[in-house]
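A.B. asks: Next input, structure requested:
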Amino acid sequence: MAGSGGEGGKGGVAVVLAVLGAVFLWASAFPVMKALLARMDPWAMIWARMAVATVLLIPLMWRAWPRARRQKGDVWWLLALVALEPCLYFVLEITALRYTSAAQAGMVVALFPLMAAVGGALFFHERLTRPMLTGLLLSVAGVIGLTLAGRPDLHAPDPWLGNFLEFLAMICGVGYMLIVKRMAARYDIWLLTGIQMSAGFLFFLPGAGPLLLDGGLMRLDGQSLALLFYLGAGVTVLAYGLYNIGISRLPAARAAVLVNLLPVITLGLSWIFLGERLNPLQLLFAGLTLAGVYLAQRPEGAGRA
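C.D. replies: Residues are numbered from 1 along each chain as shown. Next up, the predicted model:
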């Protein structure tokens, strides 16, 4: 597997498309999880998601493990990887939303690409070009604007605590990115993804109680089981695998800024499938986000005479 590579290296367009595929799959997860949470415990849903992903990834892990170029001390990096994501990241995100609103959390999440860019510069000496930095700032402004232009959400009993927990979740996300970039030169991406999900399967095992011990799994209808499979196979295995490919080959800033397309894609899906209307401000800030993401993907000097 190729290392981080200055501007994406060979097949750069394909790598960007892989990250876009991951972002699209994550955006599609919101209505799926909303439907499932009406029928099951959130921790049970996370465990089931990890269980499906682990079962699907075991053959790939089995095949990739002998080819891994293991070095002394790798176990600590792998433990840090799984601790940051999915374990701590999921716990912090779910807990944060108990104390802050989705709107306020969305503004904290918008800072993720900037944090990733700083991490890439510090640990991998990745250069932040002027177009990339401008694009990052535009995309952050666009996401914050989208968040403010949406419907108000008053469910925020302790927003300072909730926003701080969301910020910690973003730190975990950046740490996960940087470790994948470090390890991908010697470990197959699907092996790293499988290690993450297997650890999540064990970490969230207490959530299996309502499903396995109380007969909750038998009470789920066919639609719910299909949604769970999609959450595990599509939103977890495929999305994390594609995103891991992207962050292993792209500079951290270019891979992370694509995540800011999540609210834009979610709005589009809500408009197409749910008939939700978009106000002019939302359209304006969605355009600003798209412009920022596009600018951040352009190499320095593109378009000059």
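
A.B. asks: C-alpha from now on. contacts and neighbour counts both.
C.D. replies: Will do.

A.B. asks: after the helix or strand bottoming out on mean pLDDT in the chain comes which helix or strand?
C.D. replies: Here the helix or strand of the chain ranked lowest by mean pLDDT, DSSP states H and E is helix 216-219, holding a mean of 72. Sequence order places helix 222-230 as the next helix or strand after helix 216-219, per DSSP states H and E.

A.B. asks: In terms of secondary structure, what does that following helix contact?
C.D. replies: Helices and strands touching helix 222-230, by 3 or more C-alpha pairs under 8 Å, 6 or more residues apart in numbering; DSSP states H and E, are helix 12-37, helix 42-64.

A.B. asks: How far off centre is stretch 118-127?
C.D. replies: Chain-centre distance of stretch 118-127: 20 Å, with C-alpha atoms, centre = their mean, to the nearest Å.

A.B. asks: Report pLDDT for L242.
C.D. replies: As predicted, L242 sits at a pLDDT of 96.

A.B. asks: Equivalent analysis for M177, please.
C.D. replies: M177 is given a pLDDT of 95.

A.B. asks: just checking, it touches I245?
C.D. replies: No: using C-alpha atoms under 8 Å, M177 is not in contact with I245; the gap is 10.6 Å.

A.B. asks: circling back to that earlier point, most packed of the helices and strands packed on helix 222-230?
C.D. replies: Highest mean neighbour count of the helices and strands packed on helix 222-230: helix 42-64, a mean of 20 (counted as mean count of other C-alpha atoms under 10 Å).

A.B. asks: Run through who's touching that one.
C.D. replies: 36-37, 187-188, 190-191, 193-195, 197-198, 200-201, 204-205, 207-211, 228-229, 231-233, 236-237 (C-alpha atoms under 8 Å, 6 or more residues apart in numbering).

A.B. asks: Find the residue ranges of the stretch 1-150 of the chain scoring beneath the pLDDT cut-off.
C.D. replies: Applying pLDDT under 70 to the stretch 1-150 of the chain flags residues 1-11, 150.

A.B. asks: try 50
C.D. replies: 1-11 (pLDDT under 50).

A.B. asks: End to end on stretch 210-222, go ahead and measure it.
C.D. replies: 18 Å (C-alpha to C-alpha, to the nearest Å).

A.B. asks: Which residues does it contact?
C.D. replies: R39, M40, D41, A44.

A.B. asks: what about the second one, which SS state?
C.D. replies: When states are read from DSSP: H, G, I helix; E, B strand; the rest coil, the local structure at M40 comes out as coil.

A.B. asks: Please work out how many residues are found near it.
C.D. replies: Residues lying near M40 (other C-alpha atoms under 10 Å) number 18.

A.B. asks: follow-up on the earlier one: only alpha carbons, please: show the least confident helix or strand of the chain as CSV.
C.D. replies: The C-alpha atoms that make up helix 216-219 are tabulated as CSV, following Å, rounded to 0.1, in the frame of the first residue of the first chain:
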residue,chain,number,x,y,z
GLY,A,216,-34.5,-8.0,20.8
LEU,A,217,-33.0,-9.4,17.6
MET,A,218,-36.0,-11.7,17.2
ARG,A,219,-38.4,-8.8,17.5
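
A.B. asks: what separates it from the chain centre, distance-wise?
C.D. replies: 29 Å.

A.B. asks: the helices in the stretch 101-250 of the chain, which residues?
C.D. replies: 102-109, 112-124, 130-149, 159-183, 189-203, 216-219, 222-230, 239-249 (DSSP state H, counting those that start in this stretch).

A.B. asks: Buried deepest among these, which one?
C.D. replies: Greatest burial across these, using mean count of other C-alpha under 10 Å, falls to helix 239-249, with a mean of 25.

A.B. asks: Tell me if I'm right that N244 and I189 touch.
C.D. replies: Yes: here N244 reaches I189: they are 6.4 Å apart, a contact under C-alpha under 8 Å.

A.B. asks: Spatially nearest residue to L191 (excluding sequence neighbours)?
C.D. replies: M61 (4.7 Å; C-alpha to C-alpha, 6 or more residues apart in numbering).

A.B. asks: Hmm, I typed the wrong one, I wanted V15.
C.D. replies: G246 (5.4 Å).

A.B. asks: Quick check: pLDDT value at the one you found.
C.D. replies: 93.
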